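Participant: need coordinates for the following:
(one chain, ligands or ions: 1)
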Amino acid sequence: MILESKILSLKERYCTLHKNIIVLIWYGKKMRRYFILLIVFTFTTFAEDGYRLWLRYERITDSKVLNTYRAYIKEFIVVDSTETMNVIREELRYALSNYLGCKVNEVYEVKNDGTLLCGTTSSPILRTVVREVKRRELGDEGFMILSIRINGKQCIVITGNSDKAVLYGTFHFLRLIGTHSDITKLSIISIPKIKIRVLNHWDNLDRKVERGYAGLSLWDWHKLPEYIDPRYRDYARANASIGINGTVLTNVNANAYVLTPQYLRKVAALANVFRPYGLKVYLTARFSAPIEIGGMHTADPLIPEVRSWWRRKVSEIYSLIPDFGGFLVKANSEGQPGPQNYGRSHADGANMLAEALAPYNGIVMWRAFVYDNSIPEDRAKQAYNEFKPLDGTFHSNVLIQVKNGPIDFQPREPFHPLFGGMPNTPLVAEFQITQEYLGQGTHLVYLAPLFKECLDSDTYAKGEGSIVAKVIDGSLFGHNVTGIAGVANTGNERNWTGHLFGQANWYAFGRLAWDHSLSSEEIAQEWIRLTFTNNNEFVLIVKQIMMISREAAVLYMTPLGLHHIMGWDHHYGPAPWIKDKHRADWTSVYYHRADTLGIGFDRTAKGSNAVAQYFSPVALQFGTLELCPEKYLLWFHHVPWDYRMRSGRTLWEELCYCYSAGVDSVRKMQRLWNTLEHQIDEERFDHVRMLLTIQEKEARWWKNACCLYFQTFSRRPFPEWFEKPDTTLEYYQNLSFPFAP
Ligand code: BDP
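Facilitator: Model (predicted):
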């Protein structure tokens with residue numbers, strides 16, 4: 001697989017060279033100096049297109065570091081030749097020779113110091129190394145990396161109870177090398193805190209990706225199952241390297257067609273490629289599939305024929321994909337069919353599928369993202385109202401998948417009240433890695449701080465310390481099946497994610513899914529070192545850019561708890577003026593509620609009382625104007641324009657201040673990035689530089705459009721220090737983007 005990706009990237013490089021040569025031949029002919037061609041050809045550098053992600057395995061140039069590594073890794077042993085062990089073997093061969101600039105041979109016995117030994121805890125050579133207690137602790141996926149002596153020789157051992165665990169350990173070890181970490185005395189034990197760590201691809205069968213900003217879907221359905229794009233392997237490999245162990249291939253707005261025999265064979269082909277990397281395949285199940293592809297007249301989950309249709313379908317799937325993970329379902333939400341079409345509950349629907357999957361250990365991830373415009377209730381409350389009463393009624397292989405916040409992946413939301421609110425049901429936390437509401441394909445926004453903000457939020461469900469992370473890792477309420485999902489940002493663009501820094505968000509999701517206690521800084525640092533360079537100064541600057549980026553986006557888009565004020569439908573750019581649409585809950589005015597008195601959604605007891613869905617003292621804190629964190633102020637309160645903020649500014653001034661600060665932060669990010677010119681390749685430097693130019697322009701657009709619009713309500717002048725918009729509100733309101741992605 002690595003070979004294939006190497007060939008692929010060579011092909012790419014060849015194309016670049018080819019273009020250069022054509023241009024040069026033209027010049028050469030003109031100047032009759034063909035010999036120059038040869039010289040230039042020889043020195044043409046390879047394209048840095050981002051394809052290799054964080055798995056670049058660049059030659060180590062620091063001689064001190066290199067010498068230590070060469071002393072500690074002279075040869076390697078991979079016990080066994082299972083598919084996964086072969087993957088490990090190949091990865092080590094490729095990575096070590098690249099890193100160390102010399103061949104690291106595979107051997108079959110420990111004879112010398114500096115042997116790296118990879119195998120499961122049950123392999124004869126490692127059986128005595130890991131004690132029984134530890135072995136149990138490691139579970140199925142945990143690994144250990146140890147410096148020990150075997151046959152009197154200095155070895156590094158990577159082990160775990162399964163091949164997959166050893167694979168995770170191998171990638172961890174390679175990460176240590178890539179970040180120039182100390183490997184002289186290793187004693188690492190790492191166990192994933194969450195069991196199901198999945199990407200959700202919102203990919204359609206026509207290869208369009210809903211809310212995707214990185215090209216077409218990676219899955220070339222038309223050519224599958226015969227044609228296996230080498231990229232599938234590289235995709236699996238990238239995921240394994242950060243501990244992601246599942247992928248939902250299809251959009252939550254599902255097409256039943258993927259469940260037809262023709263498509264299931266294509267799915268099976270992908271599953272075969274992913275299997276050695278420990279990556280399980282899941283599909284979205286369209287609730288009305290029995291009608292659409294089964295020729296039935298109903299999809300009522302309580303009708304026996306419907307239930308047996310699903311049982312047969314599931315059995316067919318497992319006959320093709322023995323390790324199929326299960327279904328993800330979006331039901332009775334945004335027009336998707338579901339059990340409520342037949343007067344049945346979400347539990348009736350989920351349990352029917354769960355029953356069909358149970359014999360094969362498959363699971364159902366049933367989404368709680370439901371809201372209905374015809375219900376005269378605050379949208380933020382509806383998922384809780386719907387699902388809370390169902391707590392405890394789901395089968396044990398059903399997990400309820402809850403978005404991080406109660407509305408919809410906004411730049412900032414308070415945590416979803418269902419976290420902590422359903423103690424008897426395992427919950428999957430769903431995050432959006434693709435940046436639908438965070439600048440889409442062109443803004444650099446590092447999302448680890450957003451993920452962490454939710455994971456670290458204290459629900460107080462069982463008193464202080466009941467953080468969201470403990471709800472989803474099962475430790476708070478004692479659940480064994482646990483999960484976390486990220487809506488993928490990948491596509492078929494060469495660099496996978498469109499914006500190079502989108503890679504960092506994929507990376508961060510995987511790392512946090514494995515260990516939510518890692519800090520955003522730690523993860524950023526790792527990613528920068530693996531993606532660019534180990535130069536400390538460089539790392540510090542890029543880390544600074546990343547760490548301010550999310551707050552910057554909140555400030556220039558939706559500061560102080562504002563939310564859902566983006567462009568209609570495509571969600572691109574600001575549009576706080578959206579109103580009078582067929583659904584009130586898809587307009588902006590529904591959420592900001594600005595009027596001449598003030599701005600914000602009153603969700604206190606005087607308003608929608610959404611605060612009551614939180615435990616005490618969170619409910620009190622969110623619900624009391626003076627106690628509410630200002631970052632959530634307008635989420636929970638309708639606040640007068642002259643209200644004094646903690647800064648001493650009035651609310652109106654503070655709003656102007658935040659929008660300005662957001663723009664300033666982007667300018668700072670630009671300045672910082674510009675100091676890095678010549679420190680990395682021109683290609684990636686320019687890519688980010690140009691995208692930052694767009695980001696600055698769009699940050700100004702957000703600031704101007706929003707402040708001009710809200711000024712029509714506040715009727716107050718812009719503060720003196722405010723950089724005045726150079727055009728009118730009408731100008732912004734008349735912009736249209738018929739071809740926005
Ligand atoms: C919204 C997206 C929409 C998705 C929906 C969901 O705009 O495309 O289908 O989320 O999560 O944010 O189902």
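
Participant: from here on, contacts and neighbour counts on C-alpha atoms
Facilitator: Noted.

Participant: now do the closest residue to Asn251 other than its chain neighbours: how many residues are near it, please.
Facilitator: Using CA to CA, 6 or more residues apart in numbering and skipping the chain neighbours, the partner closest in space to Asn251 is Trp202 (3.6 Å). Trp202 has 25 neighbouring residues, counting by other CA atoms under 10 Å.

Participant: Phe739 too?
Facilitator: Neighbour count of Phe739, defined by other CA under 10 Å: 6.

Participant: are we agreed that it is in a helix?
Facilitator: No: assessed with DSSP: H, G, I helix; E, B strand; the rest coil, Phe739 is coil; it does not lie in a helix.

Participant: show me the residues around Gly439 that make contact.
Facilitator: By CA atoms under 8 Å, 6 or more residues apart in numbering, the contact list for Gly439 reads 445, 553, 572-573, 695.

Participant: adding pLDDT and neighbour count, write the residues you listed out as JSON lines.
Facilitator: Output for the contacts of Gly439, formatted as JSON lines (pLDDT from 0 to 100; neighbours: other CA atoms under 10 Å):
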{"residue": "Val445", "pLDDT": "99", "neighbour count": "29"}
{"residue": "Ala553", "pLDDT": "98", "neighbour count": "28"}
{"residue": "Tyr572", "pLDDT": "97", "neighbour count": "18"}
{"residue": "Gly573", "pLDDT": "98", "neighbour count": "24"}
{"residue": "Gln695", "pLDDT": "98", "neighbour count": "24"}
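
Participant: spell out which residues of the stretch 151-300 of the chain are next to the ligand.
Facilitator: 210, 253 (CA under 6 Å from any ligand atom).

Participant: ranges for the helices of the stretch 151-300 of the chain?
Facilitator: Using DSSP state H, counting those that start in this stretch, the helices of the stretch 151-300 of the chain run over residues 163-178, 230-241, 261-274, 289-292.

Participant: in the protein, what residue is nearest the ligand?
Facilitator: Across the chain, the shortest distance to the ligand (CA to the nearest ligand atom) belongs to Asp408, at 5.3 Å.

Participant: so what touches whichever strand or helix holds Glu430?
Facilitator: Taking DSSP states H and E as the definition, Glu430 sits inside strand 427-432. Strand 427-432 is contacted from outside by 365, 399-404, 409, 419, 451, 471-472, 482-488, using CA under 8 Å, 6+ apart.

Participant: Cys510 - how many residues pack around it?
Facilitator: Careful, residue 510 is Gly and not Cys. Neighbourhood size, Gly510 [other CA under 10 Å]: 26.

Participant: my read: it touches Ile242, true?
Facilitator: Yes: taking contacts as CA atoms under 8 Å, Gly510 lies within contact range of Ile242: 5.1 Å.

Participant: from the contacts of strand 427-432, which land in helices?
Facilitator: Within the contacts of strand 427-432, residues falling in helices by DSSP state H are 451, 471-472.

Participant: can I get those in CSV with neighbour count?
Facilitator: Listed next are these as CSV, based on neighbours: other CA atoms under 10 Å:
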residue, neighbour count
Phe451, 24
Val471, 28
Ile472, 26
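
Participant: list phi and psi for the closest residue to Asp80 other than its chain neighbours.
Facilitator: Nearest non-adjacent residue to Asp80, counting by CA to CA, 6+ apart: Gly119, 7.4 Å away. Note on Gly119: its backbone torsions stand at phi -170, psi 170 [degrees, to the nearest 10].

Participant: so who does Gly119 touch?
Facilitator: 78-80, 126, 158-160, 163, 166.

Participant: over to Val471?
Facilitator: Val471 is in contact with 419-420, 427, 477, counting by CA under 8 Å, 6+ apart.

Participant: by neighbour count, which of those residues wins?
Facilitator: Phe419 (32 neighbours).

Participant: is Ile77 bridged to anything, and to what?
Facilitator: With DSSP bridges as the criterion, Ile77 is bridged to Leu117.

Participant: per-residue pLDDT of it, please?
Facilitator: At Ile77, the pLDDT value in this model is 98.

Participant: thinking it is in contact with Glu106, fair?
Facilitator: Yes: at 5.6 Å, Ile77 and Glu106 qualify as touching, with contact defined as CA under 8 Å.

Participant: near the ligand, which residues of this structure are found?
Facilitator: For the chain, the residues in contact with the ligand (CA under 6 Å from any ligand atom) are 210, 253, 408.

Participant: please identify which of those residues is nearest to Gln336.
Facilitator: Nearest to Gln336 among the residues of the chain next to the ligand is Asn253, at 6.7 Å by CA to CA.

Participant: now do the contacts for the closest one.
Facilitator: Neighbour list for Asn253: 202, 286, 330, 336 [criterion: CA under 8 Å, 6+ apart].

Participant: phi, psi for it please.
Facilitator: Note on Asn253: backbone dihedrals following degrees, to the nearest 10 are phi -80, psi 90.

Participant: state the distance from it to Pro301.
Facilitator: Distance of Asn253 to Pro301, given as CA to CA, to the nearest Å: 19 Å.

Participant: one more: Ser466?
Facilitator: Distance of Ser466 to Pro301, given as CA to CA: 35 Å.

Participant: more neighbours, these two?
Facilitator: Taking Ser466 and Pro301 together and counting by other CA under 10 Å, Pro301 has the greater number of neighbours (26 against 20).

Participant: show the pLDDT at Ile548.
Facilitator: Note on Ile548: pLDDT of 98.

Participant: I'd say it and Ser665 touch.
Facilitator: Yes: with contact defined as CA under 8 Å, Ile548 reaches Ser665; the gap is 7.2 Å.

Participant: comparing these two, which residue is more hemmed in?
Facilitator: Set Ile548 next to Ser665 and count neighbours by other CA under 10 Å: Ser665 wins out with 21 against 18.

Participant: wait, the more buried one sits on Met546?
Facilitator: No: if you go by CA under 8 Å, Ser665 and Met546 don't touch, sitting 11.0 Å apart.

Participant: for the spatially most central residue of the chain, give me its contacts.
Facilitator: By CA atoms, centre = their mean, the chain has its centre lying nearest to Ile433, at 3.5 Å. For Ile433, the contacting residues are 447, 486-489, 505-506, 509, by CA under 8 Å, 6+ apart.

Participant: please name every helix or strand in contact with the longest helix seen in the chain.
Facilitator: The helix that spans the most residues within the chain, counting by DSSP H, is helix 682-714. In this structure, helix 682-714 packs against helix 536-557, helix 651-674, helix 729-734, with contacts taken as 3 or more CA pairs under 8 Å, 6 or more residues apart in numbering; DSSP states H and E.

Participant: the closest residue to Lys74 other than its chain neighbours: neighbour count?
Facilitator: For Lys74, ignoring the flanking residues on the chain, the nearest one in space by CA to CA, 6+ apart is Gly114 at 5.0 Å. Applying other CA under 10 Å, we find 21 residues neighbouring Gly114.

Participant: Tyr94 in helix, strand or coil?
Facilitator: Put simply, Tyr94 is helix when judged by three-state DSSP.

Participant: counting neighbours, what do you get for it?
Facilitator: Number of residues near Tyr94 (other CA under 10 Å) recorded here: 16.

Participant: what's the answer for Asn505, then?
Facilitator: A count of nearby residues for Asn505, using other CA under 10 Å, gives 27.

Participant: pLDDT score for it?
Facilitator: Reading off the model, Asn505 has pLDDT 99.

Participant: quick one: it is in a helix?
Facilitator: Yes: under three-state DSSP, Asn505 sits within a helix.

Participant: separation between it and Met566?
Facilitator: In this view, Asn505 and Met566 are 22 Å apart by CA to CA.

Participant: gap between the residue nearest to Glu83 when sequence neighbours are not counted and Ser319?
Facilitator: In this structure, Glu83 finds its nearest non-sequential neighbour in Pro276, 5.5 Å apart by CA to CA, 6+ apart. Relative to Ser319, Pro276 is positioned 18 Å away (CA to CA).
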